[in-house]
Structure formats: C-alpha cells, structure tokens
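>>> Please find the sequence and the predicted model below.
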Amino acid sequence: MSLFAEATKKAASARFKQPQLDAEGQEIEVDIREDEEQNVKLRESIDLLLAAGYFRARIKGLTPFDKIVGGMTWCLQASNFDVDVDLLFQENSTIGQKIALTEKIVAVLPRMKCPHRLEPHQIQGLDFIHIYPVIQWLVKLAIATKEEMGDYIRTFSESQFNKEHATPEDEEFNSRKEKAVGSLDQVKSTYKPQRRYRKPTSMDVQTADEEVLVHTTLLEYGRRYGAGSSLKSEKEGSLEAKRKAVAASRGGGADDDARADEERRIKALMKGMAEAEGDEMFVSSAAVGSIVGLQSAEIQQMASEYATKHADLVAGKKGDKVMGAQAHKRMVAALQKQIAAQQKRCQEAKEKHDVLYEQYAAAQSKLEEVEAYGSKIAEEMAKLNALETEENRDVLQQLRSLVAMNESLKKQEQQFKAHCKEEMARLEETVARLRSGELEGDGEDQERLAAIRQAYEADKERLQKIKALLARKNREIALLQRKIDEVPSRTELAQYQRRFIELYNQVAATLTETKQFYTLYNTLEDQKAFMEKEAGILNTIHDKFDIAMSTEKNKELFLQQVQQILDGVKEDREQLEKRCLNEKSERDRLNGIFLELVEKQRAYYKTVRDFQEECRKNEVLLAKLKAKGAAP
C-alpha cells in the first residue's frame, strides 16, 4: 500500500510540477522574485490559523493556497454561521475547483458582515497583504464562537451532571440541612413572645381609657411604656441605674418625679392583673405584630403630648435657678434659630443677587451689541444718503420701503410666535387638566370622557389579547414550518441522488485507478522475478561453463542440466500461456455478461421513458375528464 501511495504522490507531483520547455526541448529557468512583505503576511496568517486550532497549516507538503483556503474554510465552519453554501475544500484541487471555491468564500464574507473586502483573484494570486485582515477577522470570530459554545456545553454538562450526581459539598450540605432546620425551629419556639400577666376581669374594654388599655396590653407581655424603662436584663438595668444616678447628680429632679409617677401608675395597673398560666404565656408573632401595629401613630402622638405636658407641669414647680437656666437655654435656642433663618435669607439673597447680576451682565452686553449695531446702521445710512443722486433716488426710496416692510414682517413674525407659544401653553394646560380630570364642565362631557376612557381600556385589553393570540399562532406556524422543512422535497431528493451518483462515480473511478495501479505493480513484479531468475540462470551457466568443458563427462552432465533448465522454462511458458488463455476466456465471458446488462439497461431506460409518456397521457386524459365533468 505504501508503494501505491508513493506512486500516487509522484504522479500528482509530476502532473502539477511539469517543467517549462523551450523549442529545443530544454528546461527553461524561471527567475522567481519573492516579496518579503508577502512572506511576512503569509507567516502571520499561518500563525493565526495555528493559534485558532487549524493544525493542518503545519504540514510542509501543502501549498500556501491549500493552507490559506483550507484555514478560511475551517474558520467559516467553526464560526457556526448559516451561509447556505457548500464549502467543500479538498487539497490539490483543479483550477476550476479552486476558482469556484474562492468565489463561494468571497460571496459568503459580506453575509457574515466582514468589514474587509476581498476578491477571488486576490485569493488565487495569493495576495496575502489583503488576505491577512480577513484571516484575522475570521480567526477572532472562530475563537469567540468556540468560547461561547464551550461555555454553553460546559453549562449543559454541569446541569446534566447535577441531575444524576452530587458533589461532596452538596452531600455535606444536605446532611447538615435537616439538623440546622431543626435547631432553627427549636430557637424560634424557645424565644417566641410569652404572655406574663392577664388583664383584670373587672376591666371593661369598651368604656376604659385608650391610654390605660395600651399600657395594660404592653404590661401583659412584660413591657413598660412611658418615662420608665421596659423589662430588660440585669446588665441593661445596671447601666440604666448608672445613667439615672448621673442625671440625678446634675439636677434632674423632674425626671425623678416623672419616673416616680410612672412607677405608681404601673403598680396600680399591676394590682388587678394575674400571672398567665399554660398556653396563655405564649402568643404568635402575628398576634404581637397586630397588637403593636394597631393605631401605632395615635399611640405615639398621645405619648409625646403626655410627656410634653408633664414636663411643662414639672417645670412650673422648679426654683428660680432652674427656671433661669431653662429660660437662658430657650433664649439661646431662639437666637440660634433666628441666626440660622437670617443666614438662610442672606444665602438666598446672595443667590438671587448672583442671578440678577448675571442677567444684568447679559443685558449690558446685549445693549452694547445693539448700540454697536445701531451705530453701524447709522454709518451705513449716512453712506447711503451720501450716494443718493437724482438718478438712483427712486431706487433708494424703493429700497427703504422694502427694508421697512422687512422690519414690519419680522415684528409680525415675532408677535405671531409669541401668540403661538401662549396658545400652545394654554392648550397644553387644557390637555393636562383633561388628563387629570380637573377640567370643570357639565356632566355630559364628564360622562362622555369616562365612556371614551372605558372604550379605550377595552380596546387596549382586546389588542393585548389579539397580540398574544397572534404570537401563539406565529409560534405554531414556525413549529409547522420547521417540521415541513425537515421533510426533504423532490428537488432536494433529486439533488441528494445526483450527489450520491457523483460520489459513486468518483469512488468507482478511484477504485478503477487503484486496480490499474495494482495490476501494473503485479505485472512489473512478475517481470522483475522472471528477469532475476533469467539472470541467475545465465550467471550459473557462465560460472560452470569452463568447468563443464574440461572433461567429456562434465560436458554431458552440463548439457543434461541445461536441457532440464530449458524444459523447466518451457513448462513455465506453457503454464503462462494456459493462464493467459483462461484470463482471455474469463474476459470474454465477463464482456458477454456486460453486453447483456447494457442491453437490459437500454430496455429499462426505454421502458421508463414509455411509462413516463403513458403517465403524461393519463394525466392529460384525467384533466379532460374532470373538465367535462365540471361542465354543465
């Protein structure tokens, strides 16, 4: 098989590398000039293809055309872009195949939105300066597509793996999950709200004061409301006691009185309350949320009013020293508020001054421009009056009237624009009021507007439903279209048949050529064996001839051996002739079978043609019968 491959390679190289000969039959030496820049671009293109993963570019036996075009075809296939073009690349193609392939590649590139232009002759002429940007763009596209598909495949493989298997971390998490959930439920059940006391049975909820009800409800769950602190831990109680001591040392007698009043009120409320037992000690978090959230704003407002009035009442009982200190503090606070208000007004006045100053500067610059323009107009008018003569007086008078008319038209245009702006503002305000429903009108307009809005909403909802139905129908149509496209048509089946026939013919031609090479190899091998055998016999005769001619006995023995050799050669000849006759008879038999098959093929084609003609006649007659049946 290696000899066959070597012979095929030599034949191909001999076919594509035939030397150019002159009129005398001598080979012509061609001066080949290489472009260094072209070689650099070729190497860079091959490096890009290797980096992208097209490793056939490393093969030294391939031509640059095969490397570049093969790499471009590979990049187009790797980019996963639907081009609907058959890009079949094969090495050592003919000129026609190369031209067709390059034209297909050039036609595909604009569909892929390639930013670089390329012509078929540039590919065939190996213009690597223009080919290199296209190769670079295709390689980037192929690498990006491979990365995207790699991420997609990796994600898909991970999802498939997670469906059937689990990692050690997941198993550990699942094993610890039940224990953690149980611990969390235990903590929730341990620290849920507990009812400590019950309301007095003698308290009437309907007639009792709202503030008393609030305090009683909070005391049921161990919470004290008002100036006193709630029930806290020992540590928090100690810290609160320290803060109270510091406040008392600073003269906070009012807080102590308020605290004492609060404690007396709490004790009075606690006298009628009993401790809760059993299930009454526990309450759900939803119930606590409803209790606390019930009229929370009103409760907070009442508490703040109570604290303010109580502080004012206590403040009236203080001494002169305390009253003087508080009056001083209130005076300082009032003065600070006044200072802050004046500073704010000053800042606003400063900002207003800056805005007015900018407007003044703009108006001043505009005034200067207007004055300069007016002086320029006065100068031009003076020049124009100086040019006035008896001949051009009428023309100048007409020019003045036209200028005055232009000025009046400009003024009218400005007035019209201002009127349009006012009208537009009015209409926009009217539209806004109509949209907000604030326009005052009679009942009929309101009813008509409501009916229009209702009809609009109904039509809008109907439009949404129609769009959803249309989208569903489009999806069904697309699904049916895909199913229809999956079934090959007659044209596609015929194209497949032609392709298979062409492939079969190509394979048959290759097989025939292979058989011819094998036959030639076997024939040459037999010739070589016979010639080696003949050379061996002649060498043996030549070596023994002198010895055999020395005596009469050796001579007779030598003649006998030569006669035996001659008889053996005759037997071999007869066997070969017999074999040749057998091969000829087998050839004649196969030729007869081939002629019979050809005759059958002709009969088959003739039968098919006759059958098609009869089918055509049958269709014509059926059409005529349908036409007669349809006629009245």
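Sure thing, it's come through.
>>> by contact count, what packs against the helix or strand containing Gln186?
Taking DSSP states H and E as the definition, Gln186 sits inside helix 168-190. Contacting helix 168-190 under the criterion 3 or more CB pairs under 8 Å, 6 or more residues apart in numbering; DSSP states H and E is no other helix or strand. For glycine as for every other residue, the C-beta is placed from the backbone atoms N, C-alpha and C.
>>> starting at the chain centroid, how far to it?
When distances are taken as CA atoms, centre = their mean, to the nearest Å, helix 168-190 is centred 39 Å away from the chain's centroid.
>>> which stretches of the protein form strands?
Counting by DSSP state E, the chain forms strands over residues 197-198, 274-275, given from the N-terminal end onward.
>>> Identify the spatial nearest neighbour of Phe65, chain neighbours not counted.
Nearest residue to Phe65, sequence neighbours excluded (CB to CB, 6 or more residues apart in numbering): Leu126, at 6.3 Å.
>>> How far away from the center of its chain is stretch 104-124?
The gap between the average C-alpha position of stretch 104-124 and the chain average comes to 25 Å, counting by CA atoms, centre = their mean.
>>> pLDDT on it, on average?
Per-residue pLDDT over stretch 104-124 has a mean of 80.
>>> How about stretch 507-523?
Computed over stretch 507-523, the mean pLDDT rounds to 92.
>>> Can I get that stretch in CSV, CA atoms only?
Coordinates of each C-alpha in stretch 507-523 appear next as CSV, following Å, rounded to 0.1, in the frame of the first residue of the first chain:
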residue,chain,number,x,y,z
VAL,A,507,-15.3,6.3,-5.8
ALA,A,508,-15.6,4.0,-8.9
ALA,A,509,-13.0,6.0,-10.8
THR,A,510,-10.7,5.9,-7.8
LEU,A,511,-11.2,2.2,-7.4
THR,A,512,-10.5,1.6,-11.1
GLU,A,513,-7.4,3.7,-10.9
THR,A,514,-6.3,1.8,-7.8
LYS,A,515,-6.9,-1.6,-9.5
GLN,A,516,-4.9,-0.4,-12.5
PHE,A,517,-2.0,0.6,-10.2
TYR,A,518,-2.2,-2.8,-8.5
THR,A,519,-2.2,-4.6,-11.8
LEU,A,520,0.7,-2.6,-13.1
TYR,A,521,2.6,-3.3,-9.9
ASN,A,522,1.9,-7.0,-10.1
THR,A,523,2.9,-7.2,-13.7
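>>> and the residue positioned nearest the centre of the chain, how far is that from Met112?
The centre of the chain sits closest to Glu148, judged by CA atoms, centre = their mean, with a distance of 9.2 Å. For Glu148, the distance to Met112 (CB to CB, to the nearest Å) stands at 16 Å.
>>> Likewise for Phe65?
From Phe65 across to Met112, the span is 22 Å (CB to CB).
>>> How much space separates Val108 from Asp66?
From Val108 across to Asp66, the span is 19 Å (CB to CB).
>>> oh, I was asking about Glu37
Plainly put, Glu37 is 22 Å away from Asp66 if you go by CB to CB.
>>> which one of those two has more residues nearby?
For Glu37 and Asp66, the more surrounded residue by other CB atoms under 10 Å is Asp66, and the numbers stand at 19 against 9.
>>> what separates stretch 486-497 from the chain centre, distance-wise?
Relative to the centre of its chain, stretch 486-497 is centred 34 Å away, using CA atoms, centre = their mean.
>>> same question, stretch 531-550
For stretch 531-550, the distance between its averaged C-alpha position and the chain's averaged C-alpha position is 86 Å (CA atoms, centre = their mean).
>>> likewise stretch 341-348?
How far stretch 341-348 lies from its chain's middle: 56 Å, per CA atoms, centre = their mean.
>>> what's next to it, contact-wise?
Where contact means CB atoms under 8 Å, 6 or more residues apart in numbering, no residue beyond stretch 341-348 reaches it.
>>> Show me which parts of it are buried, residue by residue.
Buried residues in stretch 341-348, counting neighbours by 16 or more other CB atoms under 10 Å, are absent.
>>> was I right about the residue nearest to Phe65 contacting Pro64?
Yes: here Leu126 lies in contact with Pro64, judged by CB atoms under 8 Å, at a distance of 5.8 Å.
>>> Quickly list what's touching both of these two.
Leu42.
>>> More neighbours: which of Phe65 and Met112?
Under the criterion of other CB under 10 Å, the comparison of Phe65 against Met112 puts Phe65 first, with 17 against 14.
>>> State the distance from that one to Arg435.
71 Å.
>>> Between the strands of the chain, which has the poorest mean confidence score?
If these are sorted by mean pLDDT, strand 274-275 sits at the bottom with a mean of 56.
>>> Report pLDDT for Arg490.
The predicted local confidence for Arg490 is 79.
>>> Could you do Lys473 as well?
Lys473 is assigned a pLDDT of 92 by the prediction.
>>> now swap in Glu613 and tell me
In the prediction, the pLDDT value recorded for Glu613 is 92.
>>> which residues sit in contact with it?
Here Glu613 is in contact with no residues (criterion: CB under 8 Å, 6+ apart).
>>> how much space between it and Glu619?
For Glu613, the distance to Glu619 under the criterion CB to CB works out to 11 Å.
>>> and what of Thr102?
In this structure, Thr102 and Glu619 are separated by 45 Å, where distance is defined by CB to CB.
>>> Which of these two has more residues huddled nearby?
Comparing Thr102 with Glu619 by neighbour count (other CB under 10 Å), the higher total belongs to Thr102, at 20 against 10.
>>> Tell me the spacing between Glu147 and Ile153.
If you go by CB to CB, the gap between Glu147 and Ile153 works out to 11 Å.
>>> Helix or strand with the lowest mean pLDDT in the chain?
Here the helix or strand of the chain ranked lowest by mean pLDDT, DSSP states H and E is helix 2-16, holding a mean of 39.
>>> where does Ala325 land on pLDDT?
pLDDT, read off for Ala325, is 65.
>>> in the stretch 101-250 of the chain, which spans are helices?
Chain-ordered helices for the stretch 101-250 of the chain, with DSSP state H, counting those that start in this stretch as the definition, fall at 120-124, 128-164, 168-190, 210-220, 234-249.
>>> can you list the ones you listed in JSON lines and add distance to Leu559?
JSON lines is the format used below for the helices of the stretch 101-250 of the chain (distance: least, CB to CB, whole Å):
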{"stretch": "helix 120-124", "distance to Leu559": "73"}
{"stretch": "helix 128-164", "distance to Leu559": "77"}
{"stretch": "helix 168-190", "distance to Leu559": "95"}
{"stretch": "helix 210-220", "distance to Leu559": "146"}
{"stretch": "helix 234-249", "distance to Leu559": "138"}
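>>> where does the stretch 351-500 of the chain have low pLDDT?
Across the stretch 351-500 of the chain, the stretches falling below the confidence threshold (pLDDT under 70) are 437-443.
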